[in-house]
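**Student:** here are the coordinates; sequence isn't available:
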């Protein structure tokens with residue numbers, strides 16, 4: 001399966017500031033230890049399930065199942081970079097349309113923390129999607145142009161990202177505060 005990088009299907013980035021010091025934030029730890037119920041709270045009712053695993057060659061993965069627009073999406077995010085302040089996750093994601101037909105898209109998910117004034121942290125959730133050759137064949141078979149598909153995906157993905165970003169940020173903040181509490185108790 002080939003990713004068509006010269007075509008942009010959708011892209012969005014949203015930020016949310018949290019009342020936690022930057023040096024206490026650990027996005028990679030949060031992402032790869034995220035309980036399913038917490039994931040579901042981060043974009044109800046869209047978020048369905050999540051889990052962490054590794055690829056055959058040992059790279060960390062995050063598996064997310066969610067509804068974006070009318071599509072059910074199963075994301076197989078492989079960590080290209082996973083640090084306390086930045087994770088770049090790359091997925092060839094399965095997308096099932098409303099009638100259950102399956103295609104794929106490439107999704108790059110970037111989770112970014114940066115220090116801001118007042119000992120706080122800004123969290124940014126950036127999502128970029130590119131079509132695969134299978135996706136282009138799929139939409140052509142259904143009489144849809146790439147431009148039409150991109151408009152629909154941009155709308156659905158942007159809406160989803162705008163709702164999950166503040167909830168992800170607050171979840172990351174809770175995880176950081178839990179570390180502080182655990183250190184105090186030790």
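**Tutor:** Done, it's in. Note that the coordinates shown come from a computational prediction; the quantities given were computed from them, not determined experimentally.
**Student:** Which residues are in contact with the residue nearest to residue 72 when sequence neighbours are not counted?
**Tutor:** Of all residues not flanking residue 72 in the chain, residue 96 sits nearest, at 4.3 Å (CB to CB, 6 or more residues apart in numbering). All C-beta atoms are positioned from the backbone trio N, CA, C, and that covers glycine. By CB atoms under 8 Å, 6 or more residues apart in numbering, the contact list for residue 96 reads 71, 72, 73, 74, 102.
**Student:** Provide the contact partners of the host helix or strand of the second one at residue level.
**Tutor:** Following DSSP states H and E, one finds residue 72 within strand 71-82. Strand 71-82 is touched from outside by 27-28, 31-32, 55, 59-67, 87-98, 107, 109, 156, with contacts defined as CB under 8 Å, 6+ apart.
**Student:** After the biggest strand by length in the chain, which helix or strand is next? Please name it.
**Tutor:** When the chain is scanned for its longest strand (criterion: DSSP state E), the result is strand 102-116. Reading on from strand 102-116 to the C-terminus, the next helix or strand found by DSSP H and E is strand 120-131.
**Student:** Strands of this protein, start to end?
**Tutor:** Under DSSP E, the chain gives strands at 10-18, 47-54, 60-68, 71-82, 86-96, 102-116, 120-131.
**Student:** Please list all residues in contact with the spatially closest residue to residue 30 that is not a sequence neighbour.
**Tutor:** Take residue 30 and drop its neighbours on the chain: the residue closest to it by CB to CB, 6+ apart is residue 175, 4.6 Å away. For residue 175, the contact set (CB under 8 Å, 6+ apart) comprises 26, 29, 30.
**Student:** can we see that at 10 Å?
**Tutor:** Residue 175 is in contact with 20, 24, 25, 26, 27, 29, 30, 31, 33, 34, 38, counting by CB atoms under 10 Å, 6 or more residues apart in numbering.
**Student:** Check residue 119 too.
**Tutor:** 19, 20, 21, 22, 23, 24.
**Student:** hmm, which of the residues you listed are the buried ones?
**Tutor:** The neighbour count (16 or more other CB atoms under 10 Å) marks 20, 22, 24 as buried among the contacts of residue 119.
**Student:** among those, which are in helices?
**Tutor:** In helices, defined here by DSSP state H, there are no members of the buried ones among the contacts of residue 119.
**Student:** Got a ChimeraX select line for the buried ones in the contacts of strand 71-82?
**Tutor:** To isolate the buried ones among the contacts of strand 71-82 in ChimeraX, judged by 16+ other CB under 10 Å, type:
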select :27,28,31,32,60,61,62,64,65,66,67,87,88,89,90,91,92,93,94,95,107,109,156
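**Student:** tally of neighbours for the spatially closest residue to residue 41 that is not a sequence neighbour?
**Tutor:** Nearest residue to residue 41 in three dimensions, chain neighbours excluded: residue 167, at 6.8 Å (CB to CB, 6+ apart). Using other CB atoms under 10 Å, residue 167 is surrounded by 18 other residues.
**Student:** Great, nothing more from me.
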